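# Okay, here's the prediction I keep looking at, along with the sequence it came from:
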Amino acid sequence: MAAHGEIGPMPDCAIFADTGWEPRAVYEHLGRLRDALPFPVHVVSAGDIRSDAIAKVNTTGQRFAAIPWFVRSPRGKDGIGRRQCTKEYKLEPIRRKASELINGKRRRGAVEMWVGISLDEAWRMKPSRRQYIVNRWPLLERQMRQRDCEAVLARFGWKAPKSACIGCPFHDDAMWRDLRDNAPEEFADACEVDRIIRHQPGIRGEQFMHRSRVPLDQVDLSTAAERGQPDLFLNECEGMCGV
């Protein structure tokens, strides 16, 4: 919309934080964007989150996993790990690039950061914690929901893939089914990592990628309809948050 003058002013650039573990469709979409947009798309990274998860380290080299796996203790008590992935692999690299683009001159309000949160996720709208960055939410200004975003993309001949790490523990079953049915190699990769994280040094209990705390390749991902039950609630992840 910015490229076509429907949201202004024209951005100086876009920034994509690459975790190294996005689906292939996301990287293909990124390539199209870099070719089509009239402003540069900078790609930044804090490392390969998949490799770090297997090594049980975070971006600082500390020995704890940044991804909040689901945990079951030896006594059968359920828990969840610390969530640091968004901050370490997305927000911090983007902030560093923004600071670089203003040559480190972090005066108040030096950067206007557009955040693509739609009305469906308005609860995620938060002010920046950096005084030199002012957040703006163009989609919320226009009261746009995900379906409105999809309609705009279709008008321009685009369709955006769902963006999230392949092994994100916050996938719902619809996302896992989509990965299993449309990207079987990526689903197999998630299953492999799920097996690797099960018993890692320093973790009391077992870790799982799926919220059911069942090995991913054994989870029943069938729909309610497939199980002969009415689907009364559509509580599906929209898959558009970009994490």
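Structure's in. What do you need?
# switch to C-alpha atoms for all contacts and neighbour counts from now on
Noted.
# could you pull out the strands for this structure?
14-17, 41-44, 70-72, 78-80, 111-114, 133-136, 206-208 (DSSP state E).
# ok, residues contacting the fifth one?
The set of residues external to strand 111-114 that reach it, using C-alpha atoms under 8 Å, 6 or more residues apart in numbering, is 98, 102, 132-138.
# didn't S45 look like it was pressed against Y89?
Yes - counting by C-alpha atoms under 8 Å, S45 does reach Y89; the two are 6.8 Å apart.
# what does stretch 87-99 contact?
15-19, 44-47, 49, 58-59, 66, 105-106, 111, 243.
# What of stretch 4-21?
Outside stretch 4-21, the residues that touch it by C-alpha under 8 Å, 6+ apart are 1-3, 39-50, 89-91, 93-94, 97, 138, 165-167.
# how long is that stretch end to end?
End-to-end distance for stretch 4-21, by C-alpha to C-alpha, to the nearest Å: 31 Å.
# For it, could you pull out the residues that count as buried?
Within stretch 4-21, the residues scored as buried using 16 or more other C-alpha atoms under 10 Å are 14-15, 17-21.
# what's the answer for stretch 158-168, then?
So stretch 158-168, judged by 16+ other C-alpha under 10 Å, has buried residues 161-168.
# what would those look like in JSON lines with pLDDT and distance to C191?
Converted to JSON lines, the buried residues of stretch 158-168 look like this (pLDDT from 0 to 100; distance: C-alpha to C-alpha, whole Å):
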{"residue": "P161", "pLDDT": "88", "distance to C191": "21"}
{"residue": "K162", "pLDDT": "81", "distance to C191": "19"}
{"residue": "S163", "pLDDT": "82", "distance to C191": "19"}
{"residue": "A164", "pLDDT": "90", "distance to C191": "16"}
{"residue": "C165", "pLDDT": "96", "distance to C191": "13"}
{"residue": "I166", "pLDDT": "97", "distance to C191": "10"}
{"residue": "G167", "pLDDT": "97", "distance to C191": "8"}
{"residue": "C168", "pLDDT": "96", "distance to C191": "12"}
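# From these, pick the one nearest R82.
C168 (13.5 Å; C-alpha to C-alpha).
# And P230, what's its pLDDT?
Looking at P230, its pLDDT stands at 63.
# Stretch 208-223: end-to-end distance?
With C-alpha to C-alpha, one end of stretch 208-223 sits 21 Å from the other.
# ok, residues contacting it?
Contacts of stretch 208-223 (C-alpha under 8 Å, 6+ apart): 69-72, 167-171, 173-174, 176-177, 190-191, 194-195, 197-198, 207.
# For that stretch, which residues meet the burial criterion?
208-211, 213, 215-217, 221.
# Next one: V26 from Y89, what distance?
Distance, V26 to Y89, by C-alpha to C-alpha: 16 Å.
# try A66
Following C-alpha to C-alpha, the distance that separates A66 from Y89 is 9 Å.
# before we move on, back to that, more crowded one of V26 and Y89?
The residue with more neighbours, out of V26 and Y89, is Y89; 24 against 18, by other C-alpha atoms under 10 Å.
# Assess the claim that H199 and G205 are in contact.
Yes - counting by C-alpha under 8 Å, G205 is a contact partner of H199 at 7.2 Å.
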